[in-house]
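Peer 1: Predicted structure and sequence below. I'll ask about it afterward.
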Protein chains: 2
Amino acid sequence: MPYRAWFQCIAGCDEKYKLNEIIYHCKKCGNLLEVVHDLDQLRKHDAKYWKDLLDARYLRTKWPYGSSVWGKKEFVCPQVKNENVVSLYEGGSNLFWAERLGKELGIENIWIKQCGNSHTGSFKDLGMTVLVSMVKQMISEGKKIPAVACASTGDTSAALAAYCAAAGIPSIVFLPKDKVSLAQLIQPIANGALTLSIDTDFDGCMKLVREVCLKNNIYLANSMNSLRIEGQKTISVEIVQQFDWEVPDVIVVPGGNLGNTSAIGKGFLIMEAMGITNKRPRIVCAQAAKANPLYLSYLTGFKEFKPIKAQKTLASAIQIGDPVSYQKAINILKKFDGIVEQATEDELANAAAQADKTGLFSCPHTGVALAVLKKLLEKKKIKAHEKVVVISTAHGLKFTEFKINYHENKLKEVTPRFANLPVSVPPSYEAVKTAILEKFEGFSL
Amino acid sequence: MPYRAWFQCIAGCDEKYKLNEIIYHCKKCGNLLEVVHDLDQLRKHDAKYWKDLLDARYLRTKWPYGSSVWGKKEFVCPQVKNENVVSLYEGGSNLFWAERLGKELGIENIWIKQCGNSHTGSFKDLGMTVLVSMVKQMISEGKKIPAVACASTGDTSAALAAYCAAAGIPSIVFLPKDKVSLAQLIQPIANGALTLSIDTDFDGCMKLVREVCLKNNIYLANSMNSLRIEGQKTISVEIVQQFDWEVPDVIVVPGGNLGNTSAIGKGFLIMEAMGITNKRPRIVCAQAAKANPLYLSYLTGFKEFKPIKAQKTLASAIQIGDPVSYQKAINILKKFDGIVEQATEDELANAAAQADKTGLFSCPHTGVALAVLKKLLEKKKIKAHEKVVVISTAHGLKFTEFKINYHENKLKEVTPRFANLPVSVPPSYEAVKTAILEKFEGFSL
């Protein structure tokens, strides 16, 4: 096989490991690993070759290349054989031109990348297809991997369970008892995962899942597994592809565990290394003010990074005080003239609601990114003429309670400036007409 | 403009009306209208021309043709100018090869068309983009249309509100008071629709919305508006496209108001008329046993059709006893060697859950279709070697309560054969190991 990739320590050790090895940390220094590709092989073809190939495959029928992750297989995970790919047709999500929202914010060229419009409703599908495919490959090679497991309360467990269900591989989800609602769990439950409700906190679950995986050769699907980043980095490639191979000026991405910030940068770096692009966007990492360790580090010029205790935030998926991928994210932000900005509960909830009124249906994390965009426009750190892409990480249908509470003015620390409650009227034509005239300005029925 | 289409009475009157006329019924006989295309114009190009054109546009970047609805613009709604198209990148949903489910059901070639993986989470987007675009066009021509309205408790109002929000056109949703939960309404609320909660039943809402529309030139977006069918029919074209222009043997589609059954057929008929295909699939309309007027009519050989009073069913979107489009659907089923079959509550809920265990996340309506497929396989009306496509109409994320109640055994008339509840364990390695061994057969940790 001409294209090759391997695990390599992010701290610069010489250690290398095969992608079909069950390993998550450097054996020498204990640091995280990342997937590194053989660039010399990739560079044997020029940019035109790659662009034509990627375009020819994009969302087409030839398995598995119609998936926008596997359409980029040579620089995602070349070692997986096509027959072992477990794909649910990832990517290809709409790059929504937010014309009306842009007018309200004073920026013309604003695009929302709808990553949540996917099989399980979040961008996690992009990474999980790579991880589960590699597990299928290892099993096909004779490795005894009885299951894949993770500790996660949300999107990761949903994606893990769905991909394992499609592949027929057992999956196990570890959760703190009484901390998670059935509504949050219904995806892994429906997809047949063993869902363990454990009488401990999240850290306790994490400790236990690592022990169980280690002792039983169960594959661990949490963020320290860097295969997922390879799938997630295709977001950047797909955005550039959707702009006819033009690089936007700014990418805004919500940041919690920071794998996604790192993945977005990794996507641009490999395109650059392959000669596909010759420009880097600024990358903006948007954090909730309640869970902002990277923002605090940014204020010191990334001189130091201190984990914090995250407070409860509506942006629950990024409520993380001690992010696994902080070092990867800082490395990326330094290379991409990066900015970290934060948003309060009030700002994120109102930003999501304002976007919804112009046709979107935003999750709270997308709200964080939109609020940060607004703030940076006001501070003139993003200019009105710049081409900006906001990464929307999940489908709003996963967060209907957040939206109901917003419109009913039941969210703490939030003044809902865009609330839009149903209007009760008696069943008469005149009453309906009055309600219409009251709602819409300038109407003359 | 070379390509033309118009409204025409389905009863065969000679009446024709322009697509930019605000009209829903034949002025002569009061029957429904349908959109008819100038086939002579379409036939001026051969099949190869059309297939190449459609493939070249499919999910690409040239506005508005990347939308899989507007990529077929010439035979969907040619009169809308591109600048008036209101599109959220419709179609392009995964045609999921249900390998594992097929093995369980004893059929190899079974595909699930994931129409619910869309901007608002249901197939309604496909039709709404056509309707709202035509409204925008009429407004641009100087017609005074102050708003678009519908009476709907579910997916139609969600799609209407989102497309109107994107276009900046006021939208109004009419609902019976206390019959609809806020969770059902949160999409139109978030998208800024005027949501009227009216102290009457659904029929009362329907009467009122028609009066308000008629008296105020407000455009009516309910099913009697046949523009939406033109968008929905692209499902058939897209399926054939995704099979590299091969027609499957059977299409199974859930049926309530029956617009979708009619649209699926219409898509195949126009492809046939244009020379793109030379084979028709069998069309199977799947009804809930609680709302089965078309099934009862089918048992009479479609000799008679009697509206019924629908009973409460989990498949709430097809809980319709007096379907608007029954005549259109019967016409189609007669042309497509059609079958109508029904599914009980127990059958539909278990069919959805069985599919979920193999990686899907099915809405109850998709459950009806899957249960009917299973039944027809058992009856040998569908053969094990046939290539079957099941239309999945909405994303399961819209029906988490249905799924939770299923797994908790709280659904009436349903014995959950695939229930999978969380397992509570203390935080010890041994306890977790025991739980794993109990769940998965043949494990040896």
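Peer 2: Good, I have the coordinates. Residues are numbered from 1 along each chain as shown, chains lettered A, B, ... in the order given.
Peer 1: who's in contact with residue A:219?
Peer 2: Contact analysis of residue A:219 by CB atoms under 8 Å, 6 or more residues apart in numbering or on different chains lists A:22, A:131, A:135, A:138, A:145, A:147-149, A:213. For every residue, glycine as well, the C-beta is placed using N, CA and C.
Peer 1: export those to CSV and tack on neighbour count and pLDDT?
Peer 2: As requested, those are exported to CSV (neighbours: other CB atoms under 10 Å in any protein chain shown; pLDDT from 0 to 100):
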residue, neighbour count, pLDDT
A:22, 17, 96
A:131, 26, 98
A:135, 27, 98
A:138, 20, 98
A:145, 17, 96
A:147, 23, 97
A:148, 26, 98
A:149, 30, 98
A:213, 23, 96
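Peer 1: Just those residues: which are in strands?
Peer 2: Mapping the contacts of residue A:219 onto strands (DSSP state E) picks out A:148-149.
Peer 1: to the chain's geometric centre, what's the distance from the strand or helix carrying residue A:251?
Peer 2: Counting by DSSP states H and E, the element that carries residue A:251 is strand A:250-254. How far strand A:250-254 lies from its chain's middle: 11 Å, per CA atoms, centre = their mean, to the nearest Å.
Peer 1: CA atoms of that strand as PDB?
Peer 2: What follows is strand A:250-254, C-alpha atoms only, in PDB (Å, rounded to 0.1, in the frame of the first residue of the first chain):
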ATOM      1  CA  VAL A 250     -11.800  32.800   9.600                       C
ATOM      2  CA  ILE A 251     -13.200  29.600  11.100                       C
ATOM      3  CA  VAL A 252     -15.000  29.800  14.500                       C
ATOM      4  CA  VAL A 253     -15.300  26.500  16.400                       C
ATOM      5  CA  PRO A 254     -16.700  25.800  19.900                       C
END
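Peer 1: nearest spatial neighbour of the closest residue to chain B within the stretch 301-445 of chain A, skipping sequence neighbours?
Peer 2: Residue of the stretch 301-445 of chain A nearest chain B, by CB to the nearest CB: residue A:359 (3.1 Å). Leaving aside its chain neighbours, residue A:359 sits nearest to residue B:166 (3.1 Å; criterion: CB to CB, 6 or more residues apart in numbering or on different chains).
Peer 1: For the strand holding residue A:251, give the mean pLDDT please.
Peer 2: Throughout strand A:250-254, pLDDT has a mean value of 98.
Peer 1: what does it rub up against?
Peer 2: So strand A:250-254 is contacted by A:236, A:239, A:260-261, A:264, A:281-287, A:315, A:318, A:365-366, A:368-370, A:372-373, A:382, A:386-391, A:393 (CB under 8 Å, 6+ apart).
Peer 1: what do you get if the cut-off is 7 Å, keeping everything else the same?
Peer 2: Contacts with strand A:250-254, where a contact means CB atoms under 7 Å, 6 or more residues apart in numbering or on different chains, come from A:260-261, A:264, A:281-286, A:315, A:318, A:365-366, A:368-369, A:372-373, A:382, A:386, A:388-391, A:393.
Peer 1: again with stretch A:24-41
Peer 2: A:2-11, A:13, A:15, A:17, A:19, A:23, A:75, A:220, A:224-227, A:229-230, A:270, A:273, A:328.
Peer 1: I'd like to know which of those residues are buried.
Peer 2: Buried members of the contacts of stretch A:24-41, counted by 16 or more other CB atoms under 10 Å in any protein chain shown: A:3-10, A:15, A:17, A:19, A:75, A:220, A:224-227, A:229-230, A:270, A:328.
Peer 1: From the residues you listed, which land in helices?
Peer 2: A:227, A:229-230, A:270, A:328 (DSSP state H).
Peer 1: Make a markdown table from those residues and add distance to chain B and pLDDT to it.
Peer 2: Formatted as a markdown table, these follow (distance: CB to the nearest CB, whole Å; pLDDT from 0 to 100):
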| residue | distance to chain B | pLDDT |
| --- | --- | --- |
| A:227 | 19 | 96 |
| A:229 | 23 | 97 |
| A:230 | 21 | 98 |
| A:270 | 22 | 98 |
| A:328 | 30 | 94 |
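Peer 1: Tell me the one of these nearest residue A:407?
Peer 2: residue A:229 (36.3 Å; CB to CB).
Peer 1: so residue A:205 sits in a helix?
Peer 2: Yes: under DSSP: H, G, I helix; E, B strand; the rest coil, residue A:205 sits within a helix.
Peer 1: That one: neighbour count?
Peer 2: Per other CB atoms under 10 Å in any protein chain shown, the neighbour tally for residue A:205 reads 25.
Peer 1: do the same with residue A:71
Peer 2: Neighbours of residue A:71 using other CB under 10 Å come to 27.
Peer 1: so it makes contact with residue A:54?
Peer 2: Yes: using CB atoms under 7 Å, residue A:71 is in contact with residue A:54, at 5.9 Å.
Peer 1: In helices, which of the contacts of strand A:250-254 fall?
Peer 2: Within these, residues falling in helices by DSSP H are A:260-261, A:264, A:365-366, A:368-369, A:372-373.
Peer 1: Spatially, which two of the residues you listed are the most separated?
Peer 2: Within those, A:260 and A:373 form the most distant pair, 16.2 Å apart (CB to CB).
Peer 1: between the two, who's got more neighbours?
Peer 2: Neighbours were counted for residue A:260 and for residue A:373 using other CB under 10 Å; residue A:260 has more, 30 against 24.
Peer 1: what sits against that one?
Peer 2: Applying CB under 7 Å, 6+ apart to residue A:260 gives the contacts A:232, A:253.
Peer 1: now it: how far from chain B?
Peer 2: Applying CB to the nearest CB, to the nearest Å, the value for residue A:260 to chain B is 21 Å.
Peer 1: and what of residue A:64?
Peer 2: Residue A:64 sits 11 Å away from chain B, taking CB to the nearest CB as the criterion.
Peer 1: That residue in helix, strand or coil?
Peer 2: With three-state DSSP as the criterion, residue A:64 reads coil.
Peer 1: and if you look at residue A:248?
Peer 2: coil.
Peer 1: Is there a neighbour count for it? I'd like the number.
Peer 2: Neighbour tally, residue A:248, other CB under 10 Å: 22.
Peer 1: Tell me which residues touch it, please.
Peer 2: For residue A:248, the contact set (CB under 7 Å, 6+ apart) comprises A:239, A:281, A:387-389.
Peer 1: circling back to that earlier point, any idea whether the residue nearest to residue A:359 is helix, strand or coil?
Peer 2: Three-state call for residue B:166 (three-state DSSP): helix.
Peer 1: mind listing what it touches?
Peer 2: A:100, A:358-359, B:86, B:88.
Peer 1: How far off centre is stretch A:193-200?
Peer 2: Here the centre of stretch A:193-200 is set off from its chain's centre by 24 Å, with CA atoms, centre = their mean.
Peer 1: Could you pick out the longest helix of chain A?
Peer 2: Secondary structure of chain A per DSSP H: the longest helix is helix A:124-140.
Peer 1: Return the set of buried residues in it.
Peer 2: A:124-139.
Peer 1: Show me what that helix is packed against.
Peer 2: Contacts defined by 3 or more CB pairs under 7 Å, 6 or more residues apart in numbering or on different chains; DSSP states H and E place helix A:124-140 against helix A:155-167, helix A:227-232.
Peer 1: Tell me which of those helices sits most buried.
Peer 2: Comparing these by mean neighbour count (mean count of other CB atoms under 10 Å in any protein chain shown), helix A:155-167 ranks first with a mean of 28.
Peer 1: next one: that one to chain centre, how far?
Peer 2: That offset, for helix A:155-167, works out to 15 Å (CA atoms, centre = their mean).
Peer 1: export it as PDB, just CAs?
Peer 2: Taking Å, rounded to 0.1, in the frame of the first residue of the first chain, the C-alpha atoms of helix A:155-167 are listed here in PDB:
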ATOM      1  CA  ASP A 155     -22.700  12.700  21.400                       C
ATOM      2  CA  THR A 156     -19.700  10.400  21.600                       C
ATOM      3  CA  SER A 157     -21.700   7.500  23.100                       C
ATOM      4  CA  ALA A 158     -24.500   8.100  20.500                       C
ATOM      5  CA  ALA A 159     -22.000   7.900  17.600                       C
ATOM      6  CA  LEU A 160     -20.100   5.000  19.100                       C
ATOM      7  CA  ALA A 161     -23.300   3.000  19.600                       C
ATOM      8  CA  ALA A 162     -24.600   3.700  16.100                       C
ATOM      9  CA  TYR A 163     -21.400   2.800  14.300                       C
ATOM     10  CA  CYS A 164     -20.900  -0.400  16.400                       C
ATOM     11  CA  ALA A 165     -24.600  -1.400  15.700                       C
ATOM     12  CA  ALA A 166     -24.100  -1.000  12.000                       C
ATOM     13  CA  ALA A 167     -20.900  -3.100  12.200                       C
END
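Peer 1: Good, wrapping up.
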